[in-house]
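1. okay, here's the prediction I keep looking at, along with the sequence it came from:
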Amino acid sequence: MSHDHESAPSAAAAAHAEGAPAEGGAAQVQQAYGRLRTAWREQGGLDYKTRMKLLDDVMKWVRKNRQELITALNSDYGHRSPHETLMAEVFTVVDDIKHIRAHLAEWMAEQPRPVAATFKPGTARVIWQPIGVVGVIAPWNYPFQLGILPVVAAISAGCRVMIKPSEFSPATGGIFRRIATEVLPPDVFAVVEGGVDVSAEFSRQPFDHLFFTGSTSVGRHVMRAASEHLTPVTLELGGKSPAIVHKDHSLAQACARIVAGKGFNAGQTCIAPDYVLVHEDKRDALVAELQKQFAAQYPTVAANPDYTAVINQRHYDRLQAWLQDARDRGAKVVQCNPAGETLDPAVRKLPLTLVLDCPDDATVLQDEIFGPVLPIVTYRELDGAIAYVNERPRPLALYYFDWNKKRQEQVLQNTWSGGVTLNDTILHFSQLELPFGGVGPSGMGAYHGWYGFRTFSHEKGIFSQSRVNGGKLITAPYGKVTDTLLKVMIG
Ligand code: NAD
C-alpha cells in the first residue's frame, strides 16, 4: 500500500505559484508551530463568533475562487476534470461548512448528563473544549479537499491549525498559501511546504492532535513520531476496498456504479473500488458490462475533458509495472479503450484496465492500486466472498450490490471496513451525518461534520458536588453507616 515519491518539485517552481512566499524546511515548521503555540498560550481557543466568521470566510473564498481551484488542480494533474474538481474540491467543502455552521451552536452547547442516585444531588455535564494546536498532513489525490476539510473541522472545534500539503500538488499548495494570506489570520492558520524531510519534522512537533491522510506505510511513521509526545492521531489511510456483486443483481446497474466510482479521478481515490468480487458464473458477463459502461461514460479517453490523468510519471509507470507483473504471472489484461485510441504515455491517460484470472500473489491483488486498474476475482458462495475479504487487511470501504436485505445484513455484520455503500460506490463519503474513517490498517478516528468537531475537541466530563451532600457518609473513619450504605450500593 505504499507509494514511492518522486523528487519534490523545486523551490523555484513552488515560488512561481501564487500567494505569499512558501514556508518550508525544518526551521519554518518550528517557526510556524511556535507562532501558533504562542497564540494558543496567550489567547486560547477560538470563540463561537470567530469560528463562524472564519468558516464563512473560507466558504465564500472557495465559492469565489472555484476557477482558480480548477486551474490549480489541472496544473497538478496535467489534466483534472473540471467537473470532478467542482464536485470533490468545491461542493464537498461548501457542503461541509454549511452543515457545520448550521449545527455548531448545538454541538458546542454543554450537555447535562444523568447522575446516579448515589451521587445526587450533585450534577454532571460534558463540555467541549478546543484541543489546542493541531497539525494536518495532506495527500495529493484530492489535495485541496483533504487538506481544507480537516482544517475546517479544527476551526469548528476552536483550534489553531497548521497544514503540510503534499509536495506532489504544488499548485494546490499555492492555494493554501493564498488562504493563509487572504482568509485565515496568521495566529490561527499556517502552511508549511516541502518534501519528506519537512513532513517528518512536521510530524515531530508536540501538537495536541495530529491528523494525517495518506498511505498506510507513511501512517506508521506518523504514528511513531507522534508517540514521542503522546500526541493523539487521526489516521485516514488507504487499503483495498472490494466491490461484491451478488449473482442475482443487475450487472448493468452494478457495473455503471463501479465504473462511476472507479472512473472518478481515474481511480486515484482512497475509497475507489479496488477490485470486484463476482460470482464465477457471472464473470464474463460482468467483464462485458464493465466495458460497455465505461464506453458509455467515457466514449473517448485521450482528449476527453471528463477523464483525469494519472498524477505523475512515477505513478503511471508504477501502474504499468503492476499490469506487467500480472501478465507475467499469467493474468489476462483487458484495456477498455472504446474509441481504439493510441494513448500517449506522456499524457498519462490510463483507461479502465481489467485484470482477469489473476494469481493471488500479483501486486495488483496485494497492494492498494490507486489508479484505474480493476482486478476481477470470482467466488462460488457469498460466504466465500466474505471470507476472501476477511482474510485480508481491513479495507477503508466496502461495496455490496444486492437488494436482498437479509444478505445485505449478512455482509454488513460479517465484514469489517471503514464504511460501506450499498448498491453504489463512494457515496457514504458525502453523507454529512456519517463518520468517515478507516479501521485497523485503513485508519483510526473519523471526521466530517460532528465527527470532525469531536475529533478536535476535548470531551471534558465535569461532576459538580452540591452544597449539601452525602460525602461524609463514605469518608473515613468508616463505621456502621458506611457498611450499611455499601451493602445497599453493592446489592
Ligand atoms: P503518502 O502517504 O505518500 O503522503 C501523504 C503525506 O504524507 C504527504 O504530505 C507527504 O509529504 C507526507 N509524508 C511523507 N513521508 C512522511 C513522513 N515520513 N512523515 C510524515 N509525513 C510524511 O500518500 P499519498 O501518495 O499522498 O496519498 C495516497 C494514499 O493516501 C493512498 O494510500 C490513499 O488510499 C490514501 N488516502 C486516504 C484517504 C482517506 O481519507 N482515508 C484519502 C486520500 C488518500
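-> Looks like it arrived, so ask away. Numbering: from 1, shown residues only.

2. which one is the closest residue to the ligand within the chain nearest to, not counting chain neighbours?
-> Residue nearest to the ligand within the chain: Gly238 (2.2 Å; CB to the nearest ligand atom). (Glycine included, C-beta is placed from N, CA and C.) Using CB to CB, 6 or more residues apart in numbering and skipping the chain neighbours, the partner closest in space to Gly238 is Glu368 (4.6 Å).

3. again, but for Arg37
-> Computed as CB to CB, 6+ apart, the closest residue to Arg37 that is not its neighbour in sequence is Val133, at 5.4 Å.

4. that neighbour against Ala157, yeah?
-> No: using CB atoms under 8 Å, Val133 and Ala157 do not qualify as a contacting pair, with a distance of 12.0 Å.

5. more crowded one of those two?
-> For Val133 and Ala157, the more surrounded residue by other CB atoms under 10 Å is Ala157, and the numbers stand at 29 against 26.

6. and that one, what does it touch?
-> Applying CB atoms under 8 Å, 6 or more residues apart in numbering to Ala157 gives the contacts 45, 128, 130-131, 452-457.

7. rerun that using 7 Å as the cut-off
-> With contacts defined as CB atoms under 7 Å, 6 or more residues apart in numbering, Ala157 is in contact with 130-131, 453, 456-457.

8. alongside the ligand, which residues does the stretch 101-250 of the chain contribute?
-> Taking CB under 6 Å from any ligand atom, the part of the stretch 101-250 of the chain that reaches the ligand is made up of 137-141, 146, 164, 166-167, 196, 199-200, 203, 213-215, 218, 221-222, 236-238.

9. buried members of the contacts of Ala157 into ChimeraX, please.
-> Of these, the buried ones can be selected in ChimeraX as follows, counting by 16 or more other CB atoms under 10 Å:
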select :130,131,453,456,457
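
10. narrow the contacts of Ala157 to those in helices?
-> Residues of these located in helices (DSSP state H): Phe453.

11. weed out the non-buried ones from the residues of the stretch 101-250 of the chain next to the ligand.
-> By the neighbour-count criterion of 16+ other CB under 10 Å, these include these buried positions: 137-141, 146, 164, 166-167, 199-200, 203, 213-215, 218, 221-222, 236-238.

12. how about the helices in the stretch 201-350 of the chain?
-> Across the stretch 201-350 of the chain, reading from the start of the chain, the helices by DSSP state H, counting those that start in this stretch fall at 216-227, 251-263, 283-297, 313-328.

13. Serialize those helices to CSV and add fields for distance to Met52.
-> Output for the helices of the stretch 201-350 of the chain, formatted as CSV (distance: least, CB to CB, whole Å):
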stretch, distance to Met52
helix 216-227, 30
helix 251-263, 34
helix 283-297, 40
helix 313-328, 40
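
14. ranking the ones you listed by burial, who's on top?
-> Comparing the helices of the stretch 201-350 of the chain by mean neighbour count (mean count of other CB atoms under 10 Å), helix 251-263 ranks first with a mean of 22.

15. quick one: that one near the ligand?
-> No: contact between helix 251-263 and the ligand is absent, the nearest approach being 13.7 Å (criterion: CB under 6 Å from any ligand atom).

16. same question for stretch 265-274.
-> Yes: residues of stretch 265-274 contacting the ligand under CB under 6 Å from any ligand atom: Cys270.

17. next one: that stretch to chain centre, how far?
-> 12 Å (CA atoms, centre = their mean, to the nearest Å).

18. okay, how far is it across it, tip to tip?
-> Using CA to CA, to the nearest Å, one end of stretch 265-274 lies 13 Å from the other.

19. how about stretch 332-349?
-> According to CA to CA, stretch 332-349 extends 21 Å from its N-terminal end residue to its C-terminal end residue.

20. what are the buried residues along it?
-> 333-338, 348-349.

21. now intersect the residues you listed with the strands, please.
-> The strands, defined by DSSP state E, take in 333-335 from these.

22. so where do the helices sit in the stretch 1-150 of the chain?
-> Taking DSSP H, counting those that start in this stretch, the helices of the stretch 1-150 of the chain run over residues 11-16, 25-43, 48-64, 66-77, 82-85, 92-108, 145-156.

23. pLDDT of the fourth one, averaged?
-> Within the predicted structure, the mean pLDDT of helix 66-77 is 98.

24. helices or strands up against it?
-> For helix 66-77, the packing partners by 3 or more CB pairs under 7 Å, 6 or more residues apart in numbering; DSSP states H and E come out as helix 82-85, helix 170-182.

25. quick check: angle from the longest one to helix 66-77?
-> Think helix 170-182. If you take axes from the mean of the first three to the mean of the last three CA atoms, to 10 degrees, helix 170-182 sits at 140 degrees to helix 66-77.

26. report the distance from helix 170-182 to the chain centre.
-> The gap between where helix 170-182 is centred and where its chain is centred comes out at 20 Å by CA atoms, centre = their mean.

27. show me what it is packed up against.
-> Going by 3+ CB pairs under 7 Å, 6+ apart, helix 170-182 lies up against helix 11-16, helix 66-77, strand 189-191.

28. most tightly surrounded among these?
-> The highest average neighbour count among the helices and strands packed on helix 170-182, using mean count of other CB under 10 Å, belongs to strand 189-191 at a mean of 25.

29. for that one, give me every contacting residue.
-> By CB under 7 Å, 6+ apart, the residues outside strand 189-191 that reach it are 23, 32, 35-36, 151, 161-163, 176-177, 180.

30. from the contacts of Ala157, pick the one nearest Lys60.
-> When those are compared for distance to Lys60 (CB to CB), Phe453 wins out at 20.8 Å.

31. so is stretch 377-397 next to the ligand?
-> Yes: Stretch 377-397 lies within reach of the ligand by CB under 6 Å from any ligand atom, at Leu396.

32. which parts of that stretch are buried?
-> Buried residues in stretch 377-397, defined by neighbour count with 16+ other CB under 10 Å: 377-379, 382, 385-386, 388-389, 394-397.

33. right, and the pair among those with maximum separation?
-> For those, the farthest-apart pair by CB to CB is Thr378 and Leu396; their separation is 23.0 Å.

34. same list, the ones in strands among the buried residues of stretch 332-349, but as a markdown table with distance to the ligand and pLDDT please.
-> Conversion of these to a markdown table gives the following (distance: CB to the nearest ligand atom, whole Å; pLDDT from 0 to 100):
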| residue | distance to the ligand | pLDDT |
| --- | --- | --- |
| Val333 | 23 | 98 |
| Val334 | 24 | 98 |
| Gln335 | 23 | 97 |
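
35. give the contact list for the most centrally placed residue in the chain.
-> Central residue of the chain (CA atoms, centre = their mean): Glu236, 4.8 Å from the mean position. Neighbour list for Glu236: 212-213, 437-438, 443 [criterion: CB under 7 Å, 6+ apart].
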